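Participant: sequence first, predicted model second:
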Amino acid sequence: MLGTQYAIPLMTENGGGSIVNISSISALTGMAGAGAYTASKGAVRSLKKAAAVDYGKQNIRVNSVHPGNIVTPMSASHMEHPDFKQHFLNQIALPNLGQADEVAAVVLFLASDEANHISGIELPVDGGVTAK
């Protein structure tokens, strides 16, 4: 929220820009036992929608990326552990776990001029979890 708040005036002065917020698939599906986390990620989703509408005419695009279970340096030991990996693979439609660089590539695309006519969307990077 603060990043968006501080970026909007600068982008307005400079003729526009792109904001990409990171949320979670829990904002799209909910998540048991994590009410506060889910609510905070849902707030990111709603803030993005409001900002996209409020600032679109100033040529400011606002989108959000919603990662699922992604292998990161913090999660790798758990997600790739032989006892747990199959659990995570069973949740997704694709045959492999998502990687952090795949999320980064989506963020880079949404921030780029290649996504010049995309605003107000939430883009899951979840291996098909939200499709199931």
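Facilitator: On my side now, so go ahead.
Participant: surely Ile118 forms part of a strand?
Facilitator: No - counting by DSSP: H, G, I helix; E, B strand; the rest coil, one finds Ile118 to be coil, located in no strand.
Participant: give me the distance between it and Ser64.
Facilitator: Going from Ile118 to Ser64 by Cβ to Cβ, to the nearest Å gives 11 Å. (C-beta placed from N, C-alpha, C; glycine too.)
Participant: between these two, which has more neighbouring residues?
Facilitator: Ser64 (26 against 14; other Cβ atoms under 10 Å).
Participant: for the helix or strand that the more buried one is a member of, packing partners?
Facilitator: Remark: Ser64 resides in strand 60-67, with elements defined by DSSP states H and E. Counting contacts by 3 or more Cβ pairs under 8 Å, 6 or more residues apart in numbering; DSSP states H and E, strand 60-67 packs against helix 2-13, strand 17-22, helix 35-55, helix 100-111, strand 122-125.
Participant: hang on, the earlier thing: any residues in contact with both of Ile118 and Ser64?
Facilitator: Common neighbours of Ile118 and Ser64 (criterion: Cβ atoms under 8 Å, 6 or more residues apart in numbering): none identified.
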